[in-house]
Every structure is written in structure tokens, then in C-alpha cells.
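*Asks:* Kindly generate the corresponding structure for this input.
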Amino acid sequence: MQQFLKHYKVKIRVLSPIFIGSGEKIGKKEYIYMPWNHRVIIPDADKMFEDLSRRGWANEFTSFLMDSRNGQMPLSTWLAQKKLRGEDADNPVIFNGGMILTDDTGRELLPSSPDGVSGGAVAYTVPAENAQSITFTPVYHSGVYEYEERTVTVDEMQQGVKIATSDAGGYTLQNFAVQGRALTWQMVPYGYAQSCELTPQDEEYIDTNTNSYAMRSSTVDPTTGIISCRIDYYTADPAQVAKISEFRYVFSGGYHADESRAVTLPLQ
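*Replies:* Residues are numbered from 1 along each chain as shown. Predicted coordinates:
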């Protein structure tokens, strides 16, 4: 029989950070999925048990782990049912590292993506030239996951409109335009802005049955933090694209910017 498969030995040059796991599988009761920022926490089991024991939940937590009937319940769901809140700064479970940065002139420092920043690092725009300090305000999540689909109109985006994507922040949408088969607009973050994907309500005008009917792209200005967004429709009639009048997005509830725990550091 003719051999159709060929085997090659190759060398690759890595251009980005790579994480190689151990191959060990973990169950749903061993990690916490945070849908508000699409991250996963694998907590220190001993520290988490100590924290839950201090709250008087040691027996309940042990029963949850041992009960095979709860085999399909994720740890994050159990914690949400307990309505565990991030009131304790030492709590290893709920605080997700979210921060709001402002300088003493009132300028908010926005996330940006300059060249050379990769992996889990977060870069921010620079403070005002005459700024003397920066205040770091931590953002907590209640552990109760609440989502709400909302809409914004094209007219509002053309005029400039502020939308909240969480209890602690969102975006100002501006400079919306239709350019032939493309839709373009800008997003200026404020506060703790959740990742926001604006989806056009285009089903009435565009054939969306194929997975490749449009391409979405965005770029971040590393100086201003402004996000420039674009959707290109491959085969749509420009007249049909121009009829799109509304976008939908998701609001995520349960966030709280805790100003009582804010820390101000001087600039050198």
C-alpha cells in the first residue's frame, strides 16, 4: 500500500512566550474560572482551606469535595453559592488583580499594548507631565456572576456615548463611520473596563450563515490607550452594511472599586 504520510524533523524559532503544562489533569473542583476576565485560578489548596475554615465552612467544603453527586459542580459555582466576597485583601480566592490607575492631576492611566510587552504583563499610558503621584485602586468581584445583554445605537456612537461594561467602568464610543463594506469606531476605556466585543445587529441585512462573512480587527494606541475597531464584510453590499443601526454587548455585574484600600505612590 502506498504511504501517504511523511515524517519530518524540524527546528522552530520561538517568537512568543510558550507555556508547557505537566500533562496532569485537574478536576472542576480544583480550579476557579473567572468569566469576567477569562482567567483561571488554580488556588493553593491548603491556603484556601484555611481561609474557608476561618469563615466556618470547613465541613461544608469537605462535604462538597467528597460528594460524588457534586462531581459536575465547579468550585467557582460552589463559591458563588456561598456569595463569598473579596472583603479581605489577603483572600486568595476572589481578588483578581484588577486595578484602576489615576495620577494626582486626575488623568486616568489606560491599558495599552506597546511593542515589547507580552505574556501576562500589562502596560499603561503615561501620567501627566506634572503628575507627582499615582493612585492604585483595587477592584474586587463579589463572586456572584451576573450578565446582561445591552444595546447601543449607531447614532449614539456617531455622537459619542459612554457605555458601562461593568459596575466599575466601561468605554466611551466615538467616531463611528461606515466605509464601504467596513464599519469603524473608537473605544476609550474608563475605570475598570471589561473586555468588550461590540456585535452588530446585522442578521437582518447580511448573510451570516457562513463563518467567514466578516473579519474583526482592533489596534490600541500605546500613547493614548484608545482602541480603534474595524469590521470588514467580505461580500456584503455596501448599501446593506449602511443599514446596520445597532450593536449589542455584555454588561458584567458584581464589581466593586474599593477606594478604602487604594494606595498612592509618589513618582520619582
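*Asks:* and residue 8, how far is that from residue 58?
*Replies:* Distance of residue 8 to residue 58, computed by C-beta to C-beta, to the nearest Å: 55 Å. Yep, even glycine has a C-beta here, placed from its N, CA and C like the rest.
*Asks:* Just want to know which of those two has more residues nearby.
*Replies:* Taking other C-beta atoms under 10 Å, residue 8 and residue 58 do not tie; residue 58 has more neighbours (13 against 4).
*Asks:* Grab the nearest non-local neighbour of that one.
*Replies:* Distances taken as C-beta to C-beta, 6 or more residues apart in numbering place residue 52 nearest to residue 58, at 6.3 Å, with adjacent residues excluded.
*Asks:* The one you found contacts residue 63, correct?
*Replies:* No. Using C-beta atoms under 8 Å, residue 52 makes no contact with residue 63, being 12.0 Å away.
*Asks:* Compare the two (neighbour count), which wins?
*Replies:* Neighbour count, other C-beta under 10 Å: between residue 52 and residue 63, residue 52 has more, with 20 against 11.
*Asks:* Buried residues, stretch 44-61. List them.
*Replies:* 48-49, 51-52, 57, 61 (16 or more other C-beta atoms under 10 Å).
*Asks:* try stretch 226-241
*Replies:* Under 16+ other C-beta under 10 Å, the buried positions of stretch 226-241 are 226-227, 229, 231-233, 236, 241.
*Asks:* CSV please, covering those and showing pLDDT.
*Replies:* Compiled in CSV, the buried residues of stretch 226-241 are given as follows (pLDDT from 0 to 100):
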residue, pLDDT
226, 92
227, 91
229, 93
231, 91
232, 91
233, 88
236, 82
241, 89
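*Asks:* With respect to residue 76, which of those is nearest?
*Replies:* Nearest to residue 76 among these is residue 227, at 28.6 Å by C-beta to C-beta.
*Asks:* Which residue, other than its chain neighbours, is closest to that closest one?
*Replies:* Nearest to residue 227 is residue 187, by C-beta to C-beta, 6+ apart, at 4.3 Å.
*Asks:* Residue 199 now?
*Replies:* Nearest to residue 199 is residue 248, by C-beta to C-beta, 6+ apart, at 5.2 Å.
*Asks:* And for that neighbour, the neighbour number?
*Replies:* Counted with other C-beta under 10 Å, the neighbours of residue 248 add up to 13.
*Asks:* Please apply the same query to the one 5 residues further on.
*Replies:* Here the number of neighbours of residue 253 (other C-beta under 10 Å) works out to 15.
*Asks:* same check, this time on the one 10 residues further on
*Replies:* As a burial measure, the neighbour count of residue 263 was computed by other C-beta under 10 Å and equals 10.
*Asks:* Name the nearest residue to it, sequence neighbours excluded.
*Replies:* Closest to residue 263 by C-beta to C-beta, 6+ apart is residue 136, at 5.0 Å.
*Asks:* can you check residue 200 too?
*Replies:* Using C-beta to C-beta, 6+ apart, the closest residue to residue 200 is residue 244 (4.9 Å).
*Asks:* how far away is the one you found from residue 171?
*Replies:* 19 Å.
*Asks:* ok, now residue 199?
*Replies:* Taking C-beta to C-beta, one finds residue 199 at 14 Å from residue 171.
*Asks:* Pick out whichever of those two has more residues nearby.
*Replies:* residue 171 (24 against 14).
*Asks:* Look up phi and psi at that one.
*Replies:* Main-chain torsions, residue 171, degrees, to the nearest 10: phi -140, psi 150.
*Asks:* Show me what it bridges to in the sheet.
*Replies:* Using DSSP bridges, the beta-bridge partners of residue 171 come out as residue 163, residue 189.
*Asks:* contacting residues around residue 189?
*Replies:* Listed by C-beta atoms under 8 Å, 6 or more residues apart in numbering, the contact set of residue 189 reads 110-111, 169-171, 225, 227.
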